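Asks: Please work out how this folds:
(one chain, ligands or ions: 1)
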Amino acid sequence: MKPVDGDYRIYGERIYLRPITAEDTDMVLEWRNSKTVVGNFIYRKPITKGEHIDWLKNKVNKGLVHQFIICDNVENTPYGCVYMQHFDEENNKVESGIFLGEDKKRSKGIGTEAAKMALDYCFRQLNVHKVVARVLAFNKASLRMHEKAGYIQEAYLKDELYIDGKYEDLVLFGAVNPQH
Ligand SMILES: CC(C)(COP(=O)(O)OP(=O)(O)OC[C@H]1O[C@@H](n2cnc3c(N)ncnc32)[C@H](O)[C@@H]1OP(=O)(O)O)[C@@H](O)C(=O)NCCC(=O)NCCS
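Replies: The predicted structure follows:
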């Protein structure tokens, strides 16, 4: 995949998506390393600034990851990130991930709107056949959000991961391009 053009925007009802930049680094690291985000992610180690800069250089800038900042349409306030990674060109498939940075912005429908916009981007712009997402089974907000955004629960994997001294169940979601 080609990297996303810096001027590219995706507009929704309440939010828009813009490509992540190096200037977002401190903000994104604060979000990504916060307890409520890390605690819902499979990868639990805090991300260092160096790792994030490498991620931008080696993944985002090379087009291997398409990462967007979710922003408010009226106030421009940044809320969080939605991204696509693990492009599987052979099977025309990609994985999507999402997080909002602050607890008080959650459960207001922003995640669902962003996830729908990201799906639409994958289907219309990237023309991928399938988008998948992995969600830890205890993460009720994310399970609900993926369903509302149009994903189908495809699998429930019992004790799939060993995280922080505990076996965790994992739910696999998928959404197939309706235009294919
Ligand atoms: C997951 C996340 C992106 C969802 O975004 P959001 O804006 O909160 O999602 P929405 O408001 O669109 O939808 C959340 C739904 O879950 C529901 N919900 C929230 N907490 C819940 C809980 N503990 N139990 C059951 N349902 C819950 C909300 O009520 C809402 O459903 P409704 O609209 O039917 O009432 C956001 O909560 C987040 O960033 N969480 C931390 C990071 C994370 O978990 N990322 C995803 C990893 S897979």
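Asks: Spell out, range by range, the strands that occur in the chain.
Replies: Remark: strands assigned in the chain by DSSP state E are 10-11, 15-19, 66-72, 78-88, 93-100, 130-136, 152-163, 166-176.
Asks: so what strands line up beside the third one?
Replies: Note on strand 66-72: by DSSP bridges, its sheet partners are strand 15-19 (antiparallel), strand 78-88 (antiparallel).
Asks: That one near the ligand at all?
Replies: No: on the criterion C-beta under 6 Å from any ligand atom, strand 66-72 is out of touch with the ligand, staying 9.1 Å away. Backbone N, C-alpha and C define where each C-beta goes, glycine included.
Asks: Just checking the distance from that strand to the centre of its chain.
Replies: Between the centre of strand 66-72 and the centre of its chain there are 9 Å (C-alpha atoms, centre = their mean, to the nearest Å).
Asks: I would like the residues contacting it, please.
Replies: For strand 66-72, contacts defined as C-beta atoms under 8 Å, 6 or more residues apart in numbering pick out 1, 3-4, 10, 14-20, 24, 28, 60, 77-84, 100, 110, 114, 118, 121, 126.
Asks: rerun that using 7 Å as the cut-off
Replies: Strand 66-72 is contacted by residues 1, 4, 14-20, 24, 60, 77-84, 110, 114 when judged by C-beta atoms under 7 Å, 6 or more residues apart in numbering.
Asks: need the residues of this protein near the ligand, please.
Replies: 36-37, 40, 80, 98-100, 106-112, 135, 139-142, 144-145, 148.
Asks: go again using 5 Å as the cut-off
Replies: Contacts of the chain with the ligand, taken as C-beta under 5 Å from any ligand atom, map to 37, 40, 98-100, 106-107, 109-112, 135, 140-142, 144-145.
Asks: buried subset of these?
Replies: In the residues of the chain next to the ligand, burial by neighbour count holds for 37, 98-100, 106, 110-112, 135, 142, 145, counting by 16 or more other C-beta atoms under 10 Å.
Asks: and Arg9, how many residues sit next to it?
Replies: Neighbour count of Arg9, defined by other C-beta atoms under 10 Å: 11.
Asks: From Met84, how far off is it?
Replies: Between Arg9 and Met84 the computed distance is 16 Å (C-beta to C-beta, to the nearest Å).
Asks: and if you look at Tyr167?
Replies: Distance, Tyr167 to Met84, using C-beta to C-beta: 28 Å.
Asks: between these two, who's got more neighbours?
Replies: Met84 (23 against 10).
Asks: Pick out the residue in the chain sitting closest to the ligand.
Replies: The ligand sits closest to Gly111 of the chain, with a gap of 2.0 Å, by C-beta to the nearest ligand atom.
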